[in-house]
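Chemist: The following block contains a protein sequence and its predicted model.
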Amino acid sequence: QVQLVESGGGLVQAGDSLRLSCAASGRTSSTYVLGWFRQAPGKEREFVAVISRGGGRSDYADSVKGRFTISRDNAKNTVYLQMNSLKPDDTAVYYCAADVNYSQTYTRYRYWGQGTQVTVSS
């Protein structure tokens, strides 16, 4: 079992950058694939990015490709999401998730953090 705690959200202007962090505790994070998902009001939770256990493979939603970068530091049990060139459409609650399987589907993830709000003003 693993516990996940996100941080780093906030209110920014369009074009700004933010870096989200997700600290894992309990079973070592290197056991798990780690993903970022987001959910805007009235919308379904959607995939943002995923990174493999060792960090050698990652995938992104088309909407964030080229702007967001996922990375992990297994020594610190932490996964990051660097978000650049933020747009108002990026406004959402961002969630960190962990599972043993590599997937872009949120229903496949067993462990979730509580989420951190990101608001991008125009």
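Modeler: Good, I have the coordinates.
Chemist: Can you pull the poorly scored residue ranges out of this protein?
Modeler: Within the chain, the segments meeting pLDDT under 70 span 27, 29.
Chemist: Show me where it has its strands.
Modeler: Shown for the chain, the strands assigned by DSSP state E span residues 2-7, 10-13, 18-26, 33-39, 46-51, 58-60, 68-73, 78-83, 92-99, 111-112, 116-121.
Chemist: Let me know whether Val5 touches Gln114 as I believe.
Modeler: Yes: look at Val5 against Gln114 with C-beta atoms under 8 Å: they come within range, at 7.1 Å. Where you see a C-beta, it was placed from the backbone N, CA and C, and this is true even at glycine.
Chemist: Which one of the two is surrounded by more residues?
Modeler: Counted by other C-beta atoms under 10 Å, Val5 and Gln114 do not tie: Val5 has more neighbours, with 14 against 11.
Chemist: Report the beta-bridge partners for the more buried one.
Modeler: According to DSSP bridges, the partner residues bridging Val5 are Ala23.
Chemist: now it: how far from Ser121?
Modeler: Here the criterion is C-beta to C-beta, to the nearest Å. By it, Val5 lies 26 Å from Ser121.
Chemist: quick one: contacts for the residue positioned nearest the centre of the chain?
Modeler: Taking C-alpha atoms, centre = their mean, the centroid of the chain lies closest to Trp36, which sits 2.4 Å from it. The contact partners of Trp36, by C-beta atoms under 8 Å, 6 or more residues apart in numbering, come to 20, 22, 48-50, 70, 79, 81, 94-97.
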